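pasted the sequence and its predicted model underneath.
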Amino acid sequence: MHVTVDLGACQGHGVCHMSAPDVFELDETDGHAIVVADPVPAGLEADAQLGADSCPERAITVS
Amino acid sequence: MRIVVVGASLAGVRTVEGLRRRDSDADVVLVGAEPEADDGVAADRPPLSKAFLAGPGVEAPPLTSRERLGALGVGLVPGRAVDLDLDRRRVGLHGGESVAFDTLVVATGSTPRTVPGLEPRPGVFSLRTAADAAAIRAACTEGARVVVVGGGFIGAEIAWTLRQLGREVAVVEPLPALMIRGLGPELGAAFTRRHAAAGVDLHLGAGVAAIEGGERVEAVALTDGTVLPADVVVLGLGTVPETGWLVGSGLDLRDGVVCDERLAAVGVEGVWAAGDVVRWRHPRYGEDVRVEHWTNAVETAGVVAANLTGAPTVHDAVPYVWTDQLGGRLQVFGRVRPQDELRVVVGDLDGSFVALTGGDGLLRSVVGYGAVKALMPFRKLLLAGAGWDEALSAA
């Protein structure tokens, strides 16, 4: 599984980091999501999907 | 096995998507009744009081489409549910049709509260749908004087958005501060000061006596005797769960559909609820709660989809809500209770900050403004059920 963040859409809610802290880190200054596990390890796929689903800006794509 | 999901807004759409993602092979039908959407499917609502309201040129993003639902093998039935027959397992639709189900998911959401004398009419708007937001946008032309009735999250956000456009905006709120139900008195007062500084004309502790004018709105008369000249009135009086169609069905209805920890309706078989409409026994709080936030709709949809695909799951998430106003983002995790103690642990209430509330020995909420990164460690403590002293010592 691959996961990408559209930084033009990301508004720094941080909800993805809450759902999947091992997949999404947050930028120190503006809270934008940073993918830290791509490809996503099998054990984190459900978390990554939840993080994508929970994004209020629909900025995260899972493929 | 046929699963019928009634309500094609966020909770309903995410439920059918979740069922398919979890490889449900059930026959899945989505019933939608969003006004002025020909497929009955709602737009994503958060932008409706933010960028879309400030438009034009901004689209209200659709939650899904006929094509996407078709590709998922989900049947879409545009129509308004008007009753439920649990014995015959059928949902009755406006116009006389009915839809048979084995399992039902109630996701009919909520609808703006109306108060006698404060009903929508020309010049007087509530805000729930994309059509509502477009109508408000069209009415708030340059020079329009706007009165927002209700100073909760939505009222305050609408006021800020319209103020940004340069409109004269007044807010009428019976409580002594804006957003006091969601933020408590101290944080509410801090944001009230910010709105005042931004030029929003605040009338707190006052109610609406009458909306004056004939064909056109001319003024709003307040209970304290003030008369506010107005061209547009926007009602932000909160919402009520859309359960009228379930009255008499046998479901336990008390400000929502009463459900257990897994979001199964109590006392009946094979009925679930998701989104604004569900009142469930929250494992974390040990009491029945109803939450009207965007994130809760997503989470409850995921919980219902899991439960319907053989993965028993309780809904114990910490509530999260955000609002964009005054140039920044306000984020609230957990529940701010009026009796709880408030501590500002990062920044100060006039700038960016993180504040905690605690009571009965526990950290109860984490509130941040313009401080998403700084609040994350506290949000983790909240999730972990940290004590109040522990949270303060982490500050």
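Looks like it arrived, so ask away.

could you use CA atoms for every contact and neighbour count after this?
OK.

just to be sure, B:Gly182 is in a helix?
Yes - counting by DSSP: H, G, I helix; E, B strand; the rest coil, B:Gly182 is found in a helix.

if I look at it, how far off is chain A?
From B:Gly182 over to chain A the distance is 18 Å, taken as C-alpha to the nearest C-alpha, to the nearest Å.

surely that residue meets B:Ala156?
No - here B:Gly182 does not reach B:Ala156: they are 11.7 Å apart, not a contact under C-alpha atoms under 8 Å.

with neighbour numbers in mind, choose between these two.
Per other C-alpha atoms under 10 Å in any protein chain shown, whichever of B:Gly182 and B:Ala156 has more neighbours is B:Ala156, with 27 against 17.

the more buried one: what secondary structure?
helix.

and the strands in the stretch 251-395 of chain B?
With strands called from DSSP state E, counting those that start in this stretch, the stretch 251-395 of chain B shows them at B:257-259, B:271-273, B:278-282, B:287-289, B:320-325, B:328-334, B:341-347, B:353-359, B:362-369.

which helix in chain A has the most residues?
Counting residues, the longest helix found in chain A (DSSP state H) is helix A:45-53.

what's the closest non-adjacent residue to the residue in chain A positioned nearest to chain B?
Here the residue of chain A nearest chain B is A:Gly31; by C-alpha to the nearest C-alpha that distance is 5.5 Å. Nearest-residue entry for A:Gly31: A:Gly12, 4.5 Å, with adjacent residues in sequence omitted and distances by C-alpha to C-alpha, 6 or more residues apart in numbering or on different chains.

contact partners of stretch A:28-37?
A:3-5, A:7, A:10-14, A:16-17, A:22-27, B:372-373 (C-alpha atoms under 8 Å, 6 or more residues apart in numbering or on different chains).

ok, and for that stretch, which residues are buried?
A:Gly31, A:His32, A:Ala33, A:Ile34, A:Val35, A:Ala37 (16 or more other C-alpha atoms under 10 Å in any protein chain shown).

so is stretch B:293-300 next to chain A?
Yes - residues of stretch B:293-300 are located near chain A by C-alpha under 8 Å from any C-alpha of the partner chain, namely B:Trp294, B:Thr295, B:Val298, B:Glu299.

I should have written stretch B:55-68 there, sorry.
No - Stretch B:55-68 is not in contact with chain A by C-alpha under 8 Å from any C-alpha; minimum separation 9.9 Å.

what's the closest non-adjacent residue to the most centrally placed residue in chain B?
For chain B, the residue nearest the mean C-alpha position is B:Glu292 (3.8 Å; C-alpha atoms, centre = their mean). Leaving out its chain neighbours, the residue that sits closest to B:Glu292 by C-alpha to C-alpha, 6+ apart is B:Asp276, at 4.7 Å.

count of neighbours near that neighbour?
27.

so it touches B:Arg290, yeah?
Yes - under the criterion of C-alpha under 8 Å, B:Asp276 makes contact with B:Arg290 at 6.8 Å.

next SSE downstream of the longest helix of chain A?
Counting by DSSP states H and E, the next helix or strand C-terminal to helix A:45-53 is strand A:60-62.

spit out the contact partners of B:Val240.
B:Val240 neighbours (C-alpha under 8 Å, 6+ apart): B:Ser110, B:Thr111, B:Pro112, B:Arg113, B:Asp255.

partners of the helix or strand encompassing it in the sheet?
Following DSSP H and E, one finds B:Val240 within strand B:239-241. Strands adjacent to strand B:239-241 in the sheet, as given by DSSP bridges, are strand B:110-112 (antiparallel).

hmm, who's touching the partner strand?
Against strand B:110-112 from outside (C-alpha under 8 Å, 6+ apart): B:Ser126, B:Leu127, B:Arg128, B:Gly236, B:Leu237, B:Gly238, B:Thr239, B:Val240, B:Pro241, B:Glu242, B:Asp276, B:Val277.

please settle this for me: is the third one part of a helix?
The one in question is B:Arg128. No - remark: B:Arg128 does not belong to a helix; assigned using three-state DSSP, it is coil.

what's the distance between it and chain A?
17 Å.

same check on the first one?
For B:Ser126, the distance to chain A under the criterion C-alpha to the nearest C-alpha works out to 23 Å.

list the contacts of that residue.
Taking C-alpha under 8 Å, 6+ apart, we find B:Ser126 in contact with B:Pro112, B:Pro120, B:Asp132, B:Val234, B:Leu235, B:Gly236.

cool, B:Val16 as well?
So B:Val16 contacts B:Val5, B:Val28, B:Leu30, B:Val74, B:Ala305 (C-alpha under 8 Å, 6+ apart).

what subset of the contacts of stretch A:28-37 is buried?
Here, 16+ other C-alpha under 10 Å leaves A:3-5, A:10-14, A:16-17, A:22-26, B:372-373 buried among the contacts of stretch A:28-37.

which helix or which strand is home to the closest residue to B:Lys50 other than its chain neighbours?
Nearest residue to B:Lys50, sequence neighbours excluded (C-alpha to C-alpha, 6+ apart): B:Thr161, at 6.2 Å. Taking DSSP H and E as the definition, B:Thr161 sits inside helix B:153-164.

mind giving me the packing neighbours of the helix or strand just after that helix?
Using DSSP H and E, the next helix or strand after helix B:153-164 towards the C-terminus is strand B:168-173. Here strand B:168-173 touches strand B:145-149, helix B:153-164, strand B:201-204, going by 3 or more C-alpha pairs under 8 Å, 6 or more residues apart in numbering or on different chains; DSSP states H and E.

what angle sits between the second one and strand B:320-325?
The directions of helix B:153-164 and strand B:320-325 differ by 20 degrees, with axes from the mean of the first three to the mean of the last three C-alpha atoms, to 10 degrees as the criterion.

which secondary structure elements does helix B:153-164 contact?
So helix B:153-164, by 3+ C-alpha pairs under 8 Å, 6+ apart, packs with helix B:51-54, strand B:145-149, strand B:168-173, strand B:320-325.

redo those as CSV? Include distance to B:Phe353, mean neighbour count and mean pLDDT.
Output for the helices and strands packed on helix B:153-164, formatted as CSV (distance: least, C-alpha to C-alpha, whole Å; neighbours: other C-alpha atoms under 10 Å in any protein chain shown; pLDDT from 0 to 100):
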stretch, distance to B:Phe353, mean neighbour count, mean pLDDT
helix B:51-54, 24, 21, 89
strand B:145-149, 27, 25, 98
strand B:168-173, 25, 24, 98
strand B:320-325, 14, 20, 92
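
coming back round to it: okay, the helices and strands packed on strand B:168-173, which one's buried deepest?
Each of the helices and strands packed on strand B:168-173 was scored by mean neighbour count; the highest is strand B:145-149, a mean of 25, by mean count of other C-alpha atoms under 10 Å in any protein chain shown.

starting at the chain centroid, how far to it?
21 Å (C-alpha atoms, centre = their mean, to the nearest Å).

where's the helix or strand of chain A with the lowest mean pLDDT relative to the chain centroid, distance-wise?
Across the helices and strands of chain A, mean confidence by mean pLDDT, DSSP states H and E is lowest for helix A:15-19: a mean of 86. On the basis of C-alpha atoms, centre = their mean, helix A:15-19 sits 7 Å off its chain's mean C-alpha point.
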